[in-house]
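Participant: Need coordinates for the following:
(chains A and B)
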Amino acid sequence: MSSVEDIPPEGSDLALRLLRSRNTMIGGTIVGAVLIVAIFAPWLAPYDPTEVNILDNWRPPGGAHLLGTDELGRDVLSRLVSGARVSMLVALTVLAMTMTIGVAAGMIAGWYRGWRDGLIMRTVDVIFAFPEVIVAILVAAVMGPGTATVIVALSLVWWPGIARLARSLVLQVKTETYVEAALACATPTWRIMLRHLLPNIAAPLMIRASLGVGLIIMAEATLSFLGIGVQEPRPTWGGMIRDGLPHLRSDPHLALSASLALGITMIGFNLLGDGLRDVLDPRARR
Amino acid sequence: MTALLSLDGVTKRFAAGSDMLGRPTAHLTAVADVSLSVAPGETLGIVGESGSGKSTLGRIMLRLLTASEGQVSFDGRDITGVEGRDLRRLRSEMQMVFQDPYSSLDPRMRVRDIVAEALVNQGMPRRQINDRVAEVLETVGLSPEHGARFPHAFSGGQRQRIGIARALAAKPRLIVCDEAVSALDVSVQAQILTLLRRIQAETGVALVFISHNLGVVRFLCHRIAVLYLGRIVEIGTAEQLFESPQHPYTQALLAAIPEPGAGRGRIEVPGGEIPNPIHPPPGCAFHQRCPRMQPQCRERRPDLAERAAGHHAACHNPGPMGAETDPDRRKDR
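Facilitator: Okay, here's the model as predicted:
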């Protein structure tokens, strides 16, 4: 039994593998940087992002305004930095809501089966049948455009995917003998779900979440681009792309700077998700 | 002798296939009309091939499955239909050791939490739980320090010890071991069997030991029931069964044990596979493979009849081993 003593404690191994995974490190760095910018936006932005200065408009990049100014003379860099805040706020709120609702619904469906399964999964099918933009327009028609609309609309569209994943994972895990052993120990259902099922399905859900954030940010930009998202004067990346697009020939920096920020952030989240999958999901390894 | 656990005419049917509205179209009878009892401190072996219904039977005993017919009593109380709070209280009296030492331990839980699970569910105070966990880990030959580790740090045999510690933690009066050693190496099997025997001697717990391996059962069990297609074909003390088996199926099982002594041979019976339990053959379920088959075996199912005190066999033509070696009749079939 001495062989047991030689095995290193849990955790150090995982941390090491995370550090060695290039995707995780690059993606994590990008995501971390964007998060820091989002959190400290008011202090990092050189100007007030909503301050209009007509006399100073259409400035090219360089000089006092590092990324130039837009048609109202607002500083593009400051708007970019503040836009990160809105994007991350929306993305993380939507993520938290969809993970909570989706995981709970999926676990209930997978664990109980029967009518609960039928009800939840048919609802999921119905939502899947609608394109997300249509749902967002419906929500906007009811609630009026705004940040809350974006969050509600995207949560409504995104939880079914999480629910499907959680359900299929629960269906796998619940056949494991340790679940039967827990039942034989008189473990109540809620504790089986929290202590046995959830920890064993967490890794694929985390991978899904980090891959999903990139898509949520993109969807938020799309909605803002269409004008049903976050409203002026709050700067968003989608709104900046929308406003800059007519002037792509004359002032490409307006649309391109926001597009680039969006693209890099999405790449960051996707790399992080891929890296986590390599490290956490043993089946996908190699 | 008052029985700790007794089964009376227990039958379990599963739905096999269903129509568009979810109504079952066929039934699979996994356990049919089984009656037996387990005394306090006794070890009962349940032997049979894969598909004989022995695991189902073990789960019915623990109320992990509910019998379709018949009655299960524990300590003189009918527990066939208990639910909710009563069932949960009952769980601490009876425990299970599972076949697969890998999938039966939650990989995300520390060993001490795995072992403590039943105690936590009982609402035992934390300090008492810690003491009890340390105590049972020592009982099964691990040290309390091992409790801080995760299951992946242990070998198959050690994992099975953890599984036994988990079963022991709540001081149950009955433990069902479902193929508890068949996934282990032979040398480790012997250690685990010795451990189980010692635990029984020390705690007086009753064991139901389910196995396909007669050699293993012989080492551990006081009484043995042989299951074929969900029915008991022979039941008696270990000595009766090994020294004077009455049922041709039992005899075939014994003949399949490789010499010398208790080995790891799988049961092999001439005449092919166990019949389809959805469409069981008429008459005696064993008649298609039986070397002593007579015309009536095809038509009428034999009852479990007493052959000696406490020794029952379900056969129209029971008798000692060797009586069947009539080569001509075997050819006719």
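
Participant: Next up, the contacts around residue 172.
Facilitator: I went with chain A, as the question did not name one. With C-beta atoms under 8 Å, 6 or more residues apart in numbering or on different chains as the criterion, no residue contacts A:Gln172. Every C-beta, even on glycine, is put in place using the N, C-alpha and C of the backbone.

Participant: try chain B instead
Facilitator: B:Ser92, B:Glu93, B:Met94, B:Gln95, B:Val205.

Participant: residues near B:Thr43, how many?
Facilitator: The number of residues packed near B:Thr43 is 24, by other C-beta atoms under 10 Å in any protein chain shown.

Participant: my guess is A:Trp58 contacts A:Asp251, does it?
Facilitator: Yes - applying C-beta atoms under 8 Å as the test, A:Trp58 and A:Asp251 come out as touching, 6.3 Å apart.

Participant: and B:Ala15, what pLDDT?
Facilitator: The predicted structure scores B:Ala15 at 85 on the pLDDT scale.

Participant: Show me the contact partners of the helix or strand in which A:Glu180 is found.
Facilitator: Taking DSSP states H and E as the definition, A:Glu180 sits inside helix A:177-184. Contact partners of helix A:177-184, identified using C-beta under 8 Å, 6+ apart, comprise A:173, A:191-192, A:195-197, B:62, B:64, B:91, B:95-96, B:98-100, B:103-106, B:117, B:163, B:166.

Participant: A:Trp58 and A:Asp251 - which one has more neighbours?
Facilitator: A:Asp251 (21 against 14).

Participant: Can you name the next helix or strand after the helix holding A:Glu180?
Facilitator: Using DSSP H and E, the helix or strand that follows helix A:177-184 in sequence is helix A:189-191.

Participant: does any part of stretch B:100-119 sit near chain A?
Facilitator: Yes - using C-beta under 8 Å from any C-beta of the partner chain, stretch B:100-119 reaches chain A at B:Asp100, B:Ser103, B:Ser104, B:Leu105, B:Asp106, B:Pro107, B:Arg108, B:Met109, B:Glu117, B:Ala118.

Participant: From the residues you listed, keep the buried residues only.
Facilitator: A residue is treated as buried here by neighbour count (16 or more other C-beta atoms under 10 Å in any protein chain shown); on that basis the buried members of the residues of stretch B:100-119 next to chain A are B:Asp100, B:Ser103, B:Ser104, B:Leu105, B:Asp106, B:Arg108, B:Met109, B:Glu117, B:Ala118.

Participant: Let's have these in CSV, adding secondary structure.
Facilitator: Putting those into CSV (DSSP: H, G, I helix; E, B strand; the rest coil) gives the following:
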residue, secondary structure
B:Asp100, coil
B:Ser103, coil
B:Ser104, coil
B:Leu105, coil
B:Asp106, coil
B:Arg108, coil
B:Met109, coil
B:Glu117, helix
B:Ala118, helix
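
Participant: Would you format the residues you listed as a markdown table with distance to B:Gly81 and pLDDT included?
Facilitator: As requested, those are exported to a markdown table (distance: C-beta to C-beta, whole Å; pLDDT from 0 to 100):
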| residue | distance to B:Gly81 | pLDDT |
| --- | --- | --- |
| B:Asp100 | 30 | 91 |
| B:Ser103 | 30 | 91 |
| B:Ser104 | 27 | 93 |
| B:Leu105 | 31 | 93 |
| B:Asp106 | 30 | 92 |
| B:Arg108 | 34 | 89 |
| B:Met109 | 32 | 91 |
| B:Glu117 | 25 | 94 |
| B:Ala118 | 22 | 93 |
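
Participant: so which of those comes closest to B:Ile79?
Facilitator: Taking C-beta to C-beta as the measure, B:Ala118 is the one of these closest to B:Ile79, at 17.5 Å.

Participant: Counting neighbours, which of the contacts of helix A:177-184 end up buried?
Facilitator: Neighbour-count burial (16+ other C-beta under 10 Å) is assigned, among those, to A:173, A:192, A:195-197, B:62, B:64, B:91, B:95-96, B:98-100, B:103-106, B:117, B:163, B:166.

Participant: Could you list the low-pLDDT ranges of chain A?
Facilitator: Within chain A, the ranges that satisfy pLDDT under 70 run A:1-12, A:281-286.
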